[in-house]
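J.: Fold the stuff below for me.
(one chain, ligands or ions: 1)
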Amino acid sequence: MELAVCSVLTSTLLCSSTMASTTTTGITKPGPVPFTEVDDGTIPKRPAKEEFGDLVATLPHKQQAGLDLRLYQSFWLPEHWVAGTVVFQRRFVPRPDDVILASYPKCGTTWLKALAFAAMTRDHDYGSKTHPLLRLNPHDCIPFLDEIFADGQEPKLEKLPSPRLMNTHMPYTLLPGSVTTDTDGCKVVYICRDSKDMVVSLWHFLRRRQPDMPFEELFEHVCGGAVAAGPIWSHVLGYWHASLARPDRVLFLKYEDLLRDPCGNVRRLAAFMGKPFSAAEELAGAVEGVVGLCSFEKMKGLEVNQKGSSGAYHATARDAFFRKGVAGDWVNHMTPEMAKRLDEIVAEEFRGTGLAAP
Ligand code: PAP
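T.: Coordinates of the predicted model:
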């Protein structure tokens, strides 16, 4: 079966290749290619705060959950992202076939990155050791724009062949106008998650750096809205409204739907990104191949996701991105009263929008 998948996919790719590019390894390939493989480290950095640090210093400030936050255009952003956000807004030049993967932190970013990368690079044999996702962490395959622009490394994005896959935690209203208004601009895929599970996941993630952080403290910050990239409901609603207004440009996914029906959602994702699965690919099991490769068990079990940190732009222990991978773990961390309180806040914010909390 794997051989059949491989040959069907290879011929599909050969017919549909678009812009090709030469990587530092000298290989000419169409995109997407793993970001770490086009980054030869020769482009100098110019941290965005050198240019916009003065502006950042004028913004309202809070310190929460161990992070310095600044209120920028109605959202609390980690201070070290703000100047980069300004550069992103002013200087990002999208390509029509770019796809930006967007999420609130801990809502399924890593999974979406893996699925999108696998769905867009179907020339690889999913079982082969050469598949990028078997030797690289998903965060090393797809650049994280917030860090790239903060570090002043955006010229590296130009080295990526088209189509490019990139990701961000920025709210929709903070994305550059070229992304949010151009009718033939790039596409955006958003993933959201039950806020209660997001808080639990975020707490476990932050505890890597602050082992004694009380869960209740983070919970209060989330309920109050002043948390990195928050308020979370405003983040979600920005993308929700955009997906209704521009359904051909913005796809809205839910983590819980992906758990329930991974194949159906991978088909939607691939079709939206302009690479629908052909009948031959369906027959050869390509959808199941993508889902299996990116499954929680498979990804968590890979050596590359267990050791080291995920690169210069997102230097976090790789295993921190793979904890439980389930829906409903909040019951093990919250009292029923806490759950009710957060549910009610979110339901009130979502009222009348047509969006039901996952
Ligand atoms: P990020 O926004 O900081 O990049 P993100 O990937 O959204 O992080 O969050 C990690 C969560 O996704 C973890 O959830 P948990 O803490 O509730 O377990 C992680 O386990 C989950 N996750 C990562 N990869 C997968 C996957 N392949 N399938 C399902 N869930 C996954």
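
J.: So which residues on the chain come close to the ligand?
T.: Proximity of the chain to the ligand, by C-beta under 6 Å from any ligand atom, involves residues 103, 105-111, 114, 197, 201, 204, 294-296, 299, 321-325, 329. The way it works is simple: take the backbone N, C-alpha and C, and place the C-beta from them, glycine included.

J.: neighbours around the residue lying closest to residue 231 once chain neighbours are set aside, how many?
T.: Counting by C-beta to C-beta, 6 or more residues apart in numbering, residue 225 is the residue found nearest to residue 231 once chain neighbours are left out, at 3.4 Å. Using other C-beta atoms under 10 Å, residue 225 has 16 other residues around it.

J.: and residue 225, what does it touch?
T.: Neighbouring residues of residue 225 by C-beta atoms under 8 Å, 6 or more residues apart in numbering: 76, 231-234.

J.: Please state the backbone phi and psi of it?
T.: Torsion angles at residue 225 (phi, psi; degrees, to the nearest 10) stand at phi 90, psi -20.

J.: Could you measure from it over to residue 81?
T.: Remark: distance between residue 225 and residue 81 (C-beta to C-beta, to the nearest Å) = 17 Å.

J.: what's the answer for residue 54, then?
T.: According to C-beta to C-beta, residue 54 and residue 81 sit 16 Å apart.

J.: Show me the shaky parts of the chain.
T.: The chain contains residues with pLDDT under 70 at 1-28, 125-129, 310-315.

J.: Mind doing that once more with 50?
T.: Counting by pLDDT under 50, the chain has low-confidence residues at 1-27, 313-314.

J.: those strands in this structure, which residues are they?
T.: All strands of the chain, identified by DSSP state E, fall at 20-22, 28-30, 61-64, 67-72, 75-78, 99-103, 165-168, 187-192, 250-254.

J.: Select, out of the ones you listed, the one closest to residue 211.
T.: Residue 211 lies closest to strand 67-72 among the strands of the chain, at 15.9 Å (C-beta to C-beta).

J.: Tell me the helices and strands packed up against the closest one.
T.: In terms of contacts (3 or more C-beta pairs under 8 Å, 6 or more residues apart in numbering; DSSP states H and E), strand 67-72 is packed against strand 61-64, strand 75-78, helix 79-91.

J.: Export these as JSON lines, with columns for distance to residue 120 and mean neighbour count.
T.: Compiled in JSON lines, those are given as follows (distance: least, C-beta to C-beta, whole Å; neighbours: other C-beta atoms under 10 Å):
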{"stretch": "strand 61-64", "distance to residue 120": "36", "mean neighbour count": "14"}
{"stretch": "strand 75-78", "distance to residue 120": "29", "mean neighbour count": "23"}
{"stretch": "helix 79-91", "distance to residue 120": "22", "mean neighbour count": "21"}
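
J.: out of those, which comes closest to residue 254?
T.: strand 75-78 (21.4 Å).

J.: Distance from the closest one to the middle of the chain?
T.: Here strand 75-78 is found 17 Å from its chain centre; the criterion is C-alpha atoms, centre = their mean, to the nearest Å.

J.: any residues touching it, and which ones?
T.: With C-beta under 8 Å, 6+ apart as the test, strand 75-78 has contacts from 62, 64, 67-71, 85, 171, 173-174, 225-231, 234-235.

J.: Skipping its backbone neighbours, what lies nearest residue 237 in space?
T.: residue 353 (6.2 Å).

J.: For that neighbour, list the residues it contacts.
T.: By C-beta under 8 Å, 6+ apart, the neighbours of residue 353 are 237, 240-241.

J.: same thing with residue 334?
T.: Residues counted as contacts of residue 334 (C-beta under 8 Å, 6+ apart) are 196, 199-200, 215, 219, 342.

J.: now, among those residues, which is nearest to the ligand?
T.: Using C-beta to the nearest ligand atom, residue 200 comes nearest to the ligand of those, at 6.2 Å.

J.: Now for the closest one, how many residues are close by?
T.: Around residue 200 sit 24 other residues, with neighbours defined as other C-beta under 10 Å.

J.: ok, now residue 326?
T.: Neighbours of residue 326 under the rule other C-beta under 10 Å: 11.
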